[in-house]
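> Turn this into a structure:
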Amino acid sequence: MFLDVNGMRTLAWRYVPDSLRRISSRGWRANGIVFVSFVLGSAFLFLLLGGSINDSQEIRVVHSGDSHHDLPSLPQVRLIIPDSVDLKPGSITTLDEILNNIVIDAALQYRPDGKDVRDMDVAHLARQTAVMKDLLRIYEKIPSTSREFQQEQAAFRHTIETMQQVLYPWITQAKDGNRTYDSFFDLLGSYEQDVGIVISTGKDGGFRWAVHQIVTLRAVLNSTLPIEVFYGGDNDLPERYRNFITSLEAAFPNTGSIKTVDITKKFPDPDDKLGLPGGWAMRPFAILASSFKTAILADADTIFVQDPRVVLEEVTFKEFGSIFWHDRILAPAPSETYKWVDELLEAAKSKHMDKVTNEGWFKHETFYEMER
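Model prediction:
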């Protein structure tokens, strides 16, 4: 679950991935690595932690020899099975054929570095992440009470891990022999705390504001939520700055932990695909690398007027699993930017668009509202 708290500005519910970043006609290519980094992290988080792309509720397996079978609950893909595949009910071989030769093969069509991609690969990434999320949901429901069920678990686990290595290889890649997560399931197992606050900052990007926020949470609002402050390497937040932040825990004893986390240690990124720290683009990766099952993401300059724990009781959060606050409403974006985003959303078969079509972005009144 994910909460994005951007100050106490006007509240707006968001039902689409928070990958719709501000882009200018001059900067969307020049700043591509930062923007795409944010999109990749945001899309992965939104879909993995509860988001949806479309309304389909089943996977339909169609044999080219006219017979077909419906497997309930796995959405968003239509599989065309060659005649050479023997569809035997309950067959592990059949399951392996479907997962390895069809589902994984579809994920392998993701080519972010292809010629003239124009970032439209993000739509394919979103659809495949939705499939991956539902495979994970099914995997978690398979009982391990028999050898056959254990084989099914192993088949699903292999497919999920392979899809992660295709779509999000940076999660488990090592650099100089070092990495935090040996597998995708290691990442899932790292969420040991129920809920906490995530802040990203650097010495030149909100350090003073982050300290103010932490002190307010502890001294004024008496919040006991654990806090994790993310930064991107020693140059981004030198040791003396980090020591000052962690010393606040001793200043307010028994009120919850306060830790600093180097995002580049969590995701070493040997191929420099993420471009961390990347300024604001670090935030979705900070959520992903936090230890919280439910993360409250706060900008460094957020000023809370209540214990942020209250947002956990919001009706919309309970219904959809996420809440997003919009930013300031400023000037509109160039027309080509709106067109580009519309193309992405259509290609991704985005869900719940009817909920937001009257908002400033979709009325072409602003580019900044959808920054979050």
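
> which stretches of the stretch 151-300 of the chain have low pLDDT?
278 (pLDDT under 70).

> switch the cut-off to 90
Judged by pLDDT under 90, the stretch 151-300 of the chain has its weakly predicted residues at 151-152, 154-155, 163, 166-167, 176-178, 204-206, 269, 271-282.

> And the strands in it?
193-200, 227-231, 258-262, 292-298 (DSSP state E, counting those that start in this stretch).

> Return the most buried member of the ones you listed.
Of all the strands of the stretch 151-300 of the chain, strand 227-231 has the most neighbours on average by mean count of other CB atoms under 10 Å, namely a mean of 26. Just so you know, the C-beta spots here come from the backbone N, C-alpha and C atoms, and that holds for glycine as well.

> what residues are up against Ile214?
By CB atoms under 8 Å, 6 or more residues apart in numbering, the residues touching Ile214 are 199, 227, 229, 245, 248, 258.

> Could I get the contacting residues of the third one?
By CB under 8 Å, 6+ apart, the contact set of Val229 is 199-201, 210, 214, 245, 258-261.

> Am I right that Lys349 falls within a strand?
No. Counting by DSSP: H, G, I helix; E, B strand; the rest coil, Lys349 is located in no strand; its state is coil.

> Surely it is in contact with Arg127?
Yes. Lys349 is within contact range of Arg127, at 6.8 Å (criterion: CB atoms under 8 Å).

> higher neighbour count, these two?
Arg127 (21 against 17; other CB atoms under 10 Å).

> On the pLDDT front, check that one for me.
Looking at Arg127, its pLDDT reads 83.

> for Ala348, same thing?
On the pLDDT scale, Ala348 gets 76.

> burial measure for Val305, as a count.
Neighbours of Val305 under the rule other CB under 10 Å: 10.

> that older thread, could the strands of the stretch 151-300 of the chain be laid out in TSV, adding distance to Glu148?
Below are the strands of the stretch 151-300 of the chain laid out as TSV (distance: least, CB to CB, whole Å):
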stretch	distance to Glu148
strand 193-200	34
strand 227-231	41
strand 258-262	41
strand 292-298	31
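
> Which of those strands sits closest to Ser144?
Ser144 lies closest, by CB to CB, to one member of those: strand 292-298, at 22.3 Å.

> neighbouring strands for the closest one, and are they parallel or not?
strand 2-5 (parallel), strand 193-200 (parallel) (DSSP bridges).
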